[in-house]
Every structure is written in C-alpha cells, then in structure tokens.
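**Q** Sequence first, then the predicted structure, then my questions.
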Amino acid sequence: QVQLVESGGGLVQAGDSLRLSCAASVRTFSSYAMGWFRQGPGKEREFVAAIRWSGGIYANSVKGRFTISRDNAKNTVTLQMNSLKPEDTAVYYCAASNTALVPTTQRRYDYWGQGTQVTVSS
C-alpha cells in the first residue's frame with residue numbers, strides 16, 4: 001500500500017509561482033512512476049506531468065511552465081509551477097504507478113493522494 005500526501009497549494013495571482021510536493025510512504029519509491037493530475041471546476045481530471053527516472057513528460061498546456069522532479073532519497077515528487085494562469089486553477093493530485101512506463105492516463109495509476117487546491121486569480 002502506498003500513501004501519498006500532497007502539500008503546497010494555495011491562492012496566488014496570475015504570473016506567480018507555486019511549488020507542490022507529494023510525500024510517499026513506501027519503501028520502494030524509486031520503482032514507481034509518479035504523476036500529477038488536476039481537476040478544474042466543472043472539468044474532468046486531466047494529466048499534468050509524470051516522471052520515472054529523470055526528465056518529465058508534460059501536458060501541452062503546462063509545457064515550458066511546469067517542472068516535475070523527484071527525490072528518491074526523500075520519497076518526494078515536486079511540481080514547480082511558474083507563470084501560473086487562471087486556467088491552472090484546480091485540485092492537483094499526486095499519483096503513483098507500478099508500471100514500467102511513464103503513464104499519462106489515469107487508469108494506469110494505482111495510488112492517489114487526496115489533492116491540494118491551487119487557485120490562480122487574474
């Protein structure tokens with residue numbers, strides 16, 4: 001069983017930066033691909049970014065503004081969000097996948113956090 005706890009959400013203005021963190025309680029953290037998803041108001045949950053070893057995969061909507069990274073020694077994955085836009089407003093979820101790939105679809109993720117709210121005002 002993997003438990004994921006997100007932190008770092010909040011209310012910011014457009015153009016600001018925010019850093020989300022996800023702490024995982026699992027001994028074999030390095031063996032999991034980690035992803036971030038988000039669900040905006042009235043929208044379905046969507047892929048944001050994912051990482052397995054180093055280097056991330058990003059949704060087109062956040063490419064160049066968001067950076068995903070992981071620290072296997074600390075069992076954490078981080079999402080650095082720069083140049084935030086009002087359309088980035090959403091609940092952001094951390095997820096862990098036990099597949100060999102770096103999945104971008106929700107169904108390939110086995111464990112989910114509770115989410116953290118990010119609100120970007122214009």
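**A** Looks like it came in fine.
**Q** At the geometric centre of the chain, which residue do we find?
**A** Nearest to the mean C-alpha position of the chain, by CA atoms, centre = their mean, lies residue 36 at 2.4 Å.
**Q** what's that one in contact with, if anything?
**A** 20, 22, 48, 49, 50, 68, 77, 79, 92, 93, 94, 95 (CB atoms under 8 Å, 6 or more residues apart in numbering). Placement of C-beta: from N, CA and C, glycine included.
**Q** I'd like these written out as CSV, with neighbour count, pLDDT and distance to residue 8 added.
**A** Listed next are those as CSV, based on neighbours: other CB atoms under 10 Å; pLDDT from 0 to 100; distance: CB to CB, whole Å:
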residue, neighbour count, pLDDT, distance to residue 8
20, 24, 98, 4
22, 25, 98, 9
48, 25, 98, 14
49, 25, 98, 14
50, 25, 97, 18
68, 22, 97, 13
77, 30, 97, 11
79, 28, 98, 8
92, 24, 98, 9
93, 23, 98, 13
94, 28, 98, 10
95, 25, 97, 16
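**Q** Closest to residue 41 out of the residues you listed?
**A** Comparing those against residue 41 with CB to CB places residue 92 closest, at 13.2 Å.
**Q** need the contact list for that closest one.
**A** By CB under 8 Å, 6+ apart, the neighbours of residue 92 are 6, 9, 20, 36, 37, 38, 48, 79, 115, 116, 117, 118.
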